[in-house]
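Novice: predicted model, plus sequence, below.
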Amino acid sequence: MAEHKRILIVGGVAGGASAAARARRLSEDAELVLFERGEHISFANCGMPYHIGGAIADRGRLLVQTPEGMRKRYRIDVRTRTEAVRIDRAARTLHVRALATGQESAEPYDVLILSPGAEPVRPPIPGTDDPRVFTLRSLADMDRIKLAVDKTGPERAVVVGGGYIGLEMAEALRSRNVPVTLVELAPQVFIAADPEMVTPVHHMLEAHGVDLRLGTSVTAIREEDGRLGAVLSTGESVACGMVILAVGVRPESKLARDAGLEIGPTGGIVTDEHMRTGDPNIFAVGDAVEVTHLVDGGRAAIPLAGPANRQGRVAADNAFGRPSVYRRSQGTAICKVFDLAIGMTGLSEKALRRAGLTYEKIYVHPASHASYYPGAAPMSLKLLFDPKTGKVLGAQAVGADGVDKRIDVLAVAIRAGLTVEDLRDQELSYAPPYGSAKDPINYAGFVASNVRSGDMPVCHVEDVAAPRDDQVLVDVRTPAEVEAGTIPGAVNVPVDDLRRRLGELPRDKELLVFCQVGLRGYLACRTLLQNGFRCRNLTGGYKTYKAAIGMLSKDPRR
């Protein structure tokens, strides 16, 4: 029988509710008390934009667990509308305040598990105190936004921030026929991904009528003739009926900081691999904690529901002496943007560069399933790997179908320490409606393996965008394709004509070869290399070039 303990949990949702339920499964004798500042202890916050947009019509489906259900099934003392205000570590007491009455009490604990989550960032913009300016964190926030849309049908909404919430809210509001201006300070939305992978998302937003303002900020929100005016850094004022602030979240770590617990450089609570803070009797989980990244061992804030659930379980295990370990985070995520999905796992190229790690990258543009079966959709996949060991370091994909399962396979590959050669050799399910005999995972593995073996030396967009004097660009596509657009300065020698036209190419210069997506360039390079030429193939081809150059020019329409 487990040791009797009094365990207090601050905060519900993913981390806290998971810790409470796990604790009860481990001990029928433990006294468990869960404090939640809001009215709901466990709800699907990731589903809130979809309720506002109408995809999830029944609000009740967002309630994963109710206080009454938690009490009945798990015999947990659930106290909603109760705020934790102070921790007395010496006395092992948590001071809480009932929000309805203002009455405070001191609650003793043997173990304290902190799961306060993250709070929306409210940038210091004049006018954000206007009631028509919203953030989205709780069901109450969701209800207020939905009521405003239902009641007034705003002439326009300005969404500030192009992260998960900003993108999902833009889609939700457009599905309600509300015109949307999406303002993002960075030159791209979905900032976690690399810029060239986000170009299709920009196109999709604009195709669905979103007024996309990149490299722009909101400097003020003010009243203009009974409407709101969102003043942009360009000097323009956008008239609107509501503003959604979605510029990100920050760990809600004040309670821990005030108690003298260590806070990391990301603003999150520092824990060990057991989710224990510097105080042996206090654990912390969820969006409020700072995690160690699986790939590079760096510190990171990764506010995702999956990690929070696992951390809650780990904390509860260790509260009862079970040596459970949280095995780091890798940032696996996916976002729906109208008809597209963009997903990623591991480190991006930007993050690898910041970490000073050696890497190589390849791009492939396969179909989501066998192209001869109806409904196949194009996909772009970027694979990042260690050129010496072949170990997979990160991946990103964007497309209308099949992105989720490829990212999930690659997430497992990273977790298992697999190499690109392992991806090449994976035996994955195949039938024409679901995949291809050479799955995109295999395809990426073949390409990356060829790079590692030297069979396909690669070049990148930065190389072909500014070739040296000792380099020549060779476009091996058909003349019709070239007429529709090519890289400036390239000579055209179609791959099927290459062998008989080798004499037209200089042997004293390096040839940077490209086609549409990379395959014909690879075939051309194999021919050229075996005929004594120096040659590199543009990975991802002209399609990747167009996506990258579009981002470099900060023009998402290119």
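Specialist: Nice, I can see it. Residues are numbered from 1 along each chain as shown.
Novice: I'd like to know how far Val149 sits from Ile244.
Specialist: 11 Å (Cβ to Cβ, to the nearest Å). In this view, the C-beta of every residue, glycine as well, is placed from N, C-alpha and C.
Novice: between these two, which contacts overlap?
Specialist: Residues touching both Val149 and Ile244 (Cβ atoms under 8 Å, 6 or more residues apart in numbering): Leu173.
Novice: what about those two, which has more around it?
Specialist: Ile244 (27 against 21; other Cβ atoms under 10 Å).
Novice: nearest residue to that one in space, please, no chain neighbours.
Specialist: Val159 (4.7 Å; Cβ to Cβ, 6 or more residues apart in numbering).
Novice: paired strands for the helix or strand containing that neighbour, with orientation please.
Specialist: Take DSSP states H and E as the rule and Val159 turns out to sit in strand 157-160. Here strand 157-160 has these sheet partners by DSSP bridges: strand 180-184 (parallel), strand 242-245 (parallel).
Novice: save the ones you listed as CSV, and put in mean pLDDT too.
Specialist: Compiled in CSV, those are given as follows (pLDDT from 0 to 100):
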stretch, mean pLDDT
strand 180-184, 97
strand 242-245, 96
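Novice: so which elements touch the very next helix or strand once past the strand holding Val159?
Specialist: Next helix or strand after strand 157-160 toward the C-terminus (DSSP H and E): helix 164-175. Applying 3 or more Cβ pairs under 8 Å, 6 or more residues apart in numbering; DSSP states H and E, one finds that helix 164-175 contacts helix 48-53, strand 157-160, strand 180-184, helix 195-207, strand 242-245, strand 333-337.
Novice: most tightly surrounded among these?
Specialist: Highest mean neighbour count among the helices and strands packed on helix 164-175 (mean count of other Cβ atoms under 10 Å): strand 157-160, with a mean of 28.
Novice: before we move on, back to that, contacts only, for the residue nearest to Ile244.
Specialist: Counting by Cβ under 8 Å, 6+ apart, Val159 has contacts Gly166, Met169, Ala170, Leu173, Val180, Thr181, Leu182, Val183, Val243, Ile244, Ala246.
Novice: pull the CA atoms of the strand holding Val159 into CSV?
Specialist: Output in CSV follows, covering the C-alpha atoms of strand 157-160 (Å, rounded to 0.1, in the frame of the first residue of the first chain):
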residue,chain,number,x,y,z
ALA,A,157,-10.9,41.4,-37.2
VAL,A,158,-7.2,42.1,-36.7
VAL,A,159,-5.2,39.1,-35.5
VAL,A,160,-1.9,40.1,-34.0
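Novice: quick check: mean pLDDT of it?
Specialist: Strand 157-160 shows a mean pLDDT of 97 in the predicted model.
Novice: report the distance from that strand to the chain centre.
Specialist: Relative to its parent chain, strand 157-160 has a centroid offset of 20 Å by Cα atoms, centre = their mean, to the nearest Å.
Novice: where along the stretch 351-500 of the chain do the strands fall?
Specialist: For the stretch 351-500 of the chain, strands defined by DSSP state E, counting those that start in this stretch occupy the ranges 360-364, 379-385, 392-399, 458-459, 471-475, 491-492.
Novice: could you say what helices and strands the last one packs with?
Specialist: In this case it means strand 491-492. strand 471-475.
Novice: which parts of the strand it packs on are buried?
Specialist: Of the residues in strand 471-475, Gln471, Val472, Leu473, Val474, Asp475 count as buried by neighbour count, 16 or more other Cβ atoms under 10 Å.
Novice: before I go, just wanted to say thanks for your time.
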